[in-house]
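Trainee: I'd like to go over a predicted model; first the sequence, then the structure.
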Amino acid sequence: MEKIMEFTRIKEKKYHKLGFLYLPLLGGVLLFLAEIVTVVYSMALLYLLPASDWILTLVELSGFLFITMAVLLWARKVEKISWEELGFVKKSSLKHFLLGWAAGAAVLTGCVLLMILLGGVRITGIQISPRMVLQLMPLLVAWSIQGNAEEVLARGWLLSSVARKNGIWLAILVSAVFFTVLHLGNDGISFLPLLDLFLFGVFAALYRMKTGDIWGISGFHAAWNCFQGNVFAFPVSGTAVGEAFIKVTPGGNSWISGGSFGVEGSLISILVQSVLIAWLIYSLFFKRKKENNSNTRIDKSSALPYDVENGKGVERKE
């Protein structure tokens, strides 16, 4: 029997009284405090290291580690949320992370191929050198840090904090809106990128539910950004990240090419994510319901924070 979700293990304990309207504000405060430390960290490293686009990207991405640290400090020390509830599950962690990387790379590449076939972009150059390959290695780690930080914030802490009191459907909505709002200041933002970001937030929450941990979606997120910026030379959510192996140039309507926001600004990405969301909803809820109706019962040890059939929040005491 496929489990819907294993990212919470609610203990009999007192926890915060903040409602779903205040939790995103708290997330913003944690993000702000982490970014203060990140600025100091970045300035210190950039003062010591030689200036280059690669160094700048590496330092900026690695600085996301402080976001992870701030969220974990609050969640573990103040809210007393378990590691499992935050998504840090040991079982199959490396497997899920690598599968997430592979899935993210494949989906992003598929979007780009569709954009090329529809005339939205064209390949204008390919450059591969030992230097670029060597520089990619630490960037893989840096993108993993960045992807994991955003997932720990939005789908690790916020999703589980809202779900444990208000149910999974509201938790998905709140975490997706929160993730979208985080990108409002990015260059090239418009209606299509906002819709795409919201859909990615929904997809990411469902993906996390599917795997039962934070590792799979962290790998997907990291690969999506890495391939978008360092393989295909697209802006990543409106931000250029330096050299890439395959240079692509917009050649058609911006709703196909994504314009200055990158793949995430294209209708192609929106359609692909919509298909993935539909598949995950079917797999997690409708398929599960059919299995339950054919002599399967909910695994009480999976510690769901909500009623599977109606998505309502449930406190479980063990």
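Mentor: Received the coordinates, thanks.

Trainee: Helices of the stretch 201-318 of the chain, start to end?
Mentor: 215-226, 254-257, 267-281, 287-293 (DSSP state H, counting those that start in this stretch).

Trainee: Residues contacting the second one, please?
Mentor: It stands for helix 254-257. 115, 118-121, 192, 250-251, 265-268 (CB atoms under 8 Å, 6 or more residues apart in numbering). C-betas here are computed from N, CA, C, even on glycine.

Trainee: got a markdown table for the residues you listed, with pLDDT too?
Mentor: Shown next, in a markdown table, are those (pLDDT from 0 to 100):
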| residue | pLDDT |
| --- | --- |
| Met115 | 94 |
| Leu118 | 92 |
| Gly119 | 90 |
| Gly120 | 91 |
| Val121 | 92 |
| Leu192 | 94 |
| Pro250 | 86 |
| Gly251 | 81 |
| Gly265 | 92 |
| Ser266 | 94 |
| Leu267 | 95 |
| Ile268 | 96 |
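
Trainee: Name only those of these that count as buried.
Mentor: Neighbour-count burial (16 or more other CB atoms under 10 Å) applied to these gives 115, 118, 120-121, 192, 250-251, 265-268.

Trainee: Just flag the most distant two among those residues.
Mentor: Farthest apart among these by CB to CB are Leu192 and Gly251. That separation is 17.7 Å.

Trainee: next one: stretch 92-109 to chain centre, how far?
Mentor: The chain centre lies 12 Å from the centre of stretch 92-109; the measure is CA atoms, centre = their mean, to the nearest Å.

Trainee: I'd like the average pLDDT over it.
Mentor: Averaging pLDDT along stretch 92-109 gives 96.

Trainee: shaky segments in the stretch 151-300 of the chain?
Mentor: Within the stretch 151-300 of the chain, the segments meeting pLDDT under 70 span 288-300.

Trainee: picking that back up, mean neighbour count, the helices of the stretch 201-318 of the chain: which tops it?
Mentor: helix 215-226 (a mean of 28; mean count of other CB atoms under 10 Å).

Trainee: and that helix, how far from the chain's centre?
Mentor: 7 Å.

Trainee: try stretch 106-115
Mentor: On CA atoms, centre = their mean, the centre of stretch 106-115 falls 18 Å from the chain's centre.

Trainee: what's the answer for stretch 163-174, then?
Mentor: Per CA atoms, centre = their mean, the centroid offset for stretch 163-174 relative to its chain is 17 Å.

Trainee: Same check on stretch 32-41?
Mentor: 21 Å.

Trainee: can you redo the helices of the stretch 201-318 of the chain as TSV with distance to Pro130?
Mentor: Below are the helices of the stretch 201-318 of the chain laid out as TSV (distance: least, CB to CB, whole Å):
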stretch	distance to Pro130
helix 215-226	19
helix 254-257	31
helix 267-281	32
helix 287-293	47
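
Trainee: Can you tell me which of these is nearest to Phe234?
Mentor: Here helix 254-257 is closest among the helices of the stretch 201-318 of the chain (CB to CB), at 9.0 Å.
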